[in-house]
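Novice: Take this sequence and fold it.
(2 chains)
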Amino acid sequence: MSRNRFRGVASGGWGVTVYLLTLLALVPLGLVLAFTISKGLPSVSHLEFFTNVERPVGVPGAGVAHAIAGTLIMVGIASLASVPVGILAGIFLAEYGTGSRWADTSRLACDVLVGTPSIAVGLFAYALLVAPFHHFSGLAGAGALAVLMLPIVVRTTESAVRLIPGGLRETGLALGLPRWRVSLQLVLPAAAPGVITGALLSVARASGETAPLLFTGFGNPFLSFDPTQPLAALPLTVYKFALTPYPSLQAQAWGAALVLVVMVLVINLASRYVLRRQIRLAGQL
Amino acid sequence: MATAAGTTALRATPARPPDRFRTIVAVVAGSAPLALVLIVLVLVQQAVPAVKQFGAGFLVGRDWNPVTLSFGALPAIFGTVSTSFIALAIAVPVGVAVAIALAEQGQQGIRAVIGTGVELLAAIPSVVYGVWALYVLAPWSLQHLEKPISEHVGFIAFLSGPPGQTSLFTASLVLAVMILPTLSAVSRDVIRAVPRGLRENAVALGATWWETVWKVVLPSARSGIFGAVILALGRALGETIAVTMVIGNRYEIPHSVFFPAYTLASVIANEFTEATGTLYPAALVELGLVLILVTVTVNIVALLLVRSTAARAAI
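Specialist: Okay, here's the model as predicted:
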């Protein structure tokens, strides 16, 4: 009898341990958010932080407008390249990819690519898009980001399209539509929320990447909209200023980090909401 | 013969045109494998001068001197491998606990919140972890972990002091936080894939909750969890910016985990834009090549493990 009581107590004890460890996992999230907000807020609370560019030490009125512009341009170009390609590849994996060896290869390559060190992708983009032209450019940065975004778009598109029940396809085919119209005009619109989620998640990932931009986009202290020239980016600003010994520059780093975190978290939470709706809707189809 | 007749009968209806859409999307789906192969090939091609000059000795050399053009990767490899394994040692117990908690059936309310929180942990950019680690985690860990540990058990060689603000250990701590979401999300999926019947059988035989988890669920999800751990290892090996900011960037094999070190990715991040000549950049690219070959191998092994577990559960 006492042996059984011991087993019960042991089980309870382990249960408590498991949940305590789970709470421990959330501590870093809370700490990172708390410090980024408390240290970044003083910088961000001036409107000029969003309209001015960086200033040297001691000059007031510094901002990150150039970095926001650079991030938007590079991520924008990268999305133009990777989202359409990723969606088509995702459609292939979902619509034709069961039991196909080619699809399995592509899927594995995507999953491996997600885990590929981003610094290596930076070296790759440098060799192809910087070295031949003899100068750093926003385009090269966008190229590196596009490679990092592609697998995310492919895999989320695949799972979103898979959620659409077969009946919809059969309806279209029975009406005599060719496969491409069924896929692009019936299935894809039905899966749109999930697909958009994937695109947004890839944008969030790309906006936060520093390593692949170090020797492609490179950074630029001035406001520039020309992707053939070096461009600034929010993560580059954070990285550069955080490592300086000057409190005023460190404050700019925390401010830029806060902008970055808010951007990334908003995109993530929004896409989770959209995805949940998609799953509910697909259930009704 | 019957089949031949059947075929003719089918042929009588107008043949469906070949599915050109399928061909097009199949070709587009080649973009990811193509990118992966291209990355490796381009890095190999860029590393050729260094490979020719140093051969296999590059992997065991301890020098990193751009002036005398003598390069060896061993300290960087050591830093990458040791930070990743220390990070795993810290993150695995926590990550598996999160996975066990999240995979439990029944009331989802609090679990949904925890799940969201852990996934947001994955969304925070590396550079933000870096700033936080540099200004908050590193000073705290120095006062409350590194100093006490090195004072009390400093007689163990690799735990000796005096610790510094930036160290291999601090880098491992940040890495542990950063790989936690991968570890717990993948393990959760694997644990969820354990057939319900197994749990029910254990409970029916009188096993307590913990006995069910420890003796039935975890063993049956073992290879998948192992896959999750290796997947997390791959992430840790390749992490660049946050590690670069706190590891101290000293190119030598440290005697203690509380001393500064260097990793493959950090050397590239710090030195590549300043590298001139042919041999110096080629040596840096070769570091990148070592890194990518290791991570790609690690990832493929991990993915196959995770998939085989999921496939077995589906049957």
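
Novice: Which other helices and strands does the helix or strand where residue A:5 lies contact?
Specialist: Using DSSP states H and E, residue A:5 maps to helix A:2-44. Under the contact definition 3 or more C-beta pairs under 8 Å, 6 or more residues apart in numbering or on different chains; DSSP states H and E, helix A:2-44 sits against helix A:247-284, helix B:74-103, helix B:109-123, helix B:126-132, helix B:168-192, helix B:209-212. C-beta coordinates here come from the backbone N, C-alpha and C atoms, glycine included.

Novice: Looking at these, spot the one closest to residue B:62.
Specialist: Proximity to residue B:62 (C-beta to C-beta) singles out helix B:74-103 among the helices and strands packed on helix A:2-44, at 5.1 Å.

Novice: Buried residues of that closest one, list them for me.
Specialist: Burial within helix B:74-103, assessed by neighbour count using 16 or more other C-beta atoms under 10 Å in any protein chain shown, is assigned to B:74-84, B:86-88, B:90-92, B:94-103.

Novice: Among those, which ones lie close to chain A?
Specialist: Restricting the buried residues of helix B:74-103 to those within reach of chain A (C-beta under 8 Å from any C-beta of the partner chain) leaves B:94-95, B:97-98, B:100-102.

Novice: What is the neighbour count of residue A:226?
Specialist: 12 (other C-beta atoms under 10 Å in any protein chain shown).

Novice: Please disregard the earlier target; I meant residue A:170.
Specialist: Neighbours around residue A:170, by other C-beta under 10 Å: 11.

Novice: In contact with the closest residue to residue B:58 other than its chain neighbours, which residues are there?
Specialist: Distances taken as C-beta to C-beta, 6 or more residues apart in numbering or on different chains put residue B:73 closest to residue B:58, at 5.6 Å, once the chain neighbours are dropped. Residues in contact with residue B:73 (C-beta atoms under 8 Å, 6 or more residues apart in numbering or on different chains) are B:58-59, B:61, B:264, B:286-287, B:290.

Novice: Mind putting those residues into a markdown table with secondary structure, pLDDT and neighbour count?
Specialist: Shown next, in a markdown table, are these (DSSP: H, G, I helix; E, B strand; the rest coil; pLDDT from 0 to 100; neighbours: other C-beta atoms under 10 Å in any protein chain shown):
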| residue | secondary structure | pLDDT | neighbour count |
| --- | --- | --- | --- |
| B:58 | helix | 90 | 19 |
| B:59 | helix | 90 | 13 |
| B:61 | coil | 87 | 16 |
| B:264 | helix | 93 | 31 |
| B:286 | helix | 93 | 25 |
| B:287 | helix | 94 | 30 |
| B:290 | helix | 94 | 19 |
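
Novice: Looking at these, which is nearest residue B:250?
Specialist: residue B:264 (14.4 Å).

Novice: Am I right that residue A:190 is in contact with residue A:168?
Specialist: Yes - applying C-beta atoms under 8 Å, one finds residue A:190 in contact with residue A:168, separated by 6.2 Å.

Novice: Surely residue A:216 touches residue A:122?
Specialist: Yes - Residue A:216 is within contact range of residue A:122, at 5.9 Å (criterion: C-beta under 8 Å).

Novice: Which of these two has more residues huddled nearby?
Specialist: Set side by side, residue A:216 and residue A:122 show more neighbours around residue A:122, with 33 against 29, by other C-beta under 10 Å.

Novice: secondary structure class for the more buried one?
Specialist: Secondary structure for residue A:122, judged by DSSP: H, G, I helix; E, B strand; the rest coil, is helix.

Novice: returning to that earlier point: so for residue A:190 and residue A:168, which sits in the more crowded spot?
Specialist: residue A:190 (21 against 16).

Novice: Distance of the more buried one relative to chain B?
Specialist: 17 Å (C-beta to the nearest C-beta, to the nearest Å).

Novice: Show the model's pLDDT score for residue B:141.
Specialist: Listed pLDDT for residue B:141 reads 89.

Novice: Regarding it, which helix or strand does it belong to?
Specialist: helix B:138-141.

Novice: If you count neighbours, what's buried in the helix or strand following that helix?
Specialist: Helices and strands here follow DSSP H and E; after helix B:138-141, the next one along the chain is helix B:147-153. Neighbour-count burial for helix B:147-153 flags B:147, B:149-150 (criterion: 16+ other C-beta under 10 Å).

Novice: tell me, what's touching residue A:216 and residue A:122 both at once?
Specialist: Common contacts of residue A:216 and residue A:122, defined by C-beta under 8 Å, 6+ apart, comprise residue A:144.

Novice: Roughly how far does the residue positioned nearest the centre of chain A sit from chain B?
Specialist: With the centre of chain A defined as its mean C-alpha position, the nearest residue by C-alpha atoms, centre = their mean is residue A:205, 1.8 Å away. Applying C-beta to the nearest C-beta, the value for residue A:205 to chain B is 8 Å.

Novice: Now for that residue: which residues touch it?
Specialist: Contact analysis of residue A:205 by C-beta under 8 Å, 6+ apart lists A:148-149, A:152.

Novice: Let me know the pLDDT of the residue nearest to residue A:249 when sequence neighbours are not counted.
Specialist: Nearest residue to residue A:249, sequence neighbours excluded (C-beta to C-beta, 6+ apart): residue A:241, at 4.3 Å. The model reports residue A:241 with a pLDDT of 91.
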